[in-house]
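Chemist: Predicted coordinates and the sequence they were generated for:
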Amino acid sequence: MAANVTTPGAVEPKMWLGGIEPMKASYGKLMMWFFLISDTFTFSALLVAYGTARFSFPAFQGEAADFTFSNMYWPIPEKVYEAVPFLHGISLPLVFVGIMTFILIASSVTMVLAVEAGHRMDRASVEKYMLWTILGGFTFLGCQAWEWSHFIHGTDAGSVMKVIENGTWVNKTIFGANLTENQYGPPAFADFFFFITGFHGTHVFSGVILNILIFFRAATGFYDKRGSYEMVEKVGLYWHFVDLVWVFVFTFFYLV
C-alpha cells in the first residue's frame, strides 16, 4: 500500500519538462546535438557560398571530350579529379574520391557497431570496432593529403591561362593550384576546394583524436567502472555527422 501513496505536490516526470534528462537525453548528448546543429549552419553557409560562386561563372560549352582547363569558365569536376596514386598518366575520373567516400562511410558502419557493443557493455567489441573506425579515419586523411598534394602540384604540362600582368592580358602556363593561381580553372574554384575540404578534414582529424581517446578509455576499463558506454554514443554522433557532411561536400564539389 505504501508504494501507491503519492507525495502531495510531487510532479510526475514528463518528456518535455526538462530536468536532468529532458526528452530522455543526457546533458552531454544534448550539448553534442546543439554543437552539431550549429556546425550544420557553418557547412551550409560554405556550400551555399560555393554554389553561388559556381553558378556565377559560365559553364564550359561543348562536349566533355573537348574540355580544356581555362580560368574563363568553371571546370568539369571529372576532368579535375581523375588521378589515382601509382597510376600516373591514367585518367580515372572520380575513382579516387569514390574510394575515399567508401572508406569514410565504412568507418561509420564500424562506429555503429561500436555503439551497439557499448550498449551491451561488450568492452572487447567496442575496442575492436573503435580500432577499425580509427583506421578508417586515418586512411581517409591520408587519401585527402595525397589529393591535396596532387591538386597543389598539378599536371606535368600545366595549363595555359589568360592572366593580367602589368595591366595587360598575357598567356601564362600555370602548374597546380594555390589561393591565387589555379591551372584547373578560376582561382575561386581552388579557394573553395582548399577551404571546404580543409574544414571538413579538420573535423575528421578531430574525430580521429576523439576516437583514440574513447578507445584508450575503453581499453583501460574506464567505462566499465563508470557503468556506461554513453561517451561512445556521443562521439559516434559526431562521427556520423562528419560522414554525412562529406556526402554533401562530395555531391556539391565533385558531382555538380
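Modeler: Done, it's in. Numbering: from 1, shown residues only.
Chemist: Doesn't residue 169 belong to a strand?
Modeler: Yes - counting by DSSP: H, G, I helix; E, B strand; the rest coil, residue 169 falls inside a strand.
Chemist: going forward can the numbers begin at 802, since that is how I track them
Modeler: Shifting the count to begin at 802 puts that one at residue 970.
Chemist: Tell me what the nearest residue to it once chain neighbours are set aside is bridged to.
Modeler: Using CB to CB, 6 or more residues apart in numbering and skipping residues adjacent in sequence, the residue nearest residue 970 is residue 963, 5.5 Å away. To be clear about C-beta, it is placed using only N, CA and C from the backbone, and glycine gets the same treatment. When bridges are called by DSSP bridges, residue 963 pairs up with residue 972.
Chemist: Residue 963 and residue 858: what is the separation?
Modeler: Distance of residue 963 to residue 858, computed by CB to CB, to the nearest Å: 14 Å.
Chemist: quick one, which of the two is more surrounded?
Modeler: The neighbour count for residue 963 versus residue 858, taken as other CB atoms under 10 Å, is higher for residue 858 (15 against 11).
Chemist: Go ahead and confirm the more buried one touches residue 876.
Modeler: No - the criterion here is CB atoms under 8 Å, and residue 858 misses it with residue 876 at 9.5 Å.
Chemist: Counting by contacts, list what the helix or strand bottoming out on mean pLDDT in the chain packs against.
Modeler: When each helix and strand of the chain is scored by mean pLDDT, DSSP states H and E, strand 960-966 comes last, with a mean of 85. Strand 960-966 sits against strand 969-975, with contacts defined as 3 or more CB pairs under 8 Å, 6 or more residues apart in numbering; DSSP states H and E.
Chemist: Provide the contact partners of the least confident helix or strand of the chain at residue level.
Modeler: Here strand 960-966 makes contact (CB atoms under 8 Å, 6 or more residues apart in numbering) with 869-873, 970-975, 982, 984-985.
Chemist: picking up where we left off before, which neighbours do residue 858 and residue 876 have in common?
Modeler: By CB under 8 Å, 6+ apart, no residue touches both residue 858 and residue 876.
Chemist: Secondary structure class of residue 870, three-state.
Modeler: Following three-state DSSP, residue 870 is assigned to coil.
Chemist: can you give me phi and psi for it?
Modeler: Backbone torsions of residue 870, given as degrees, to the nearest 10, read phi -70, psi 140.
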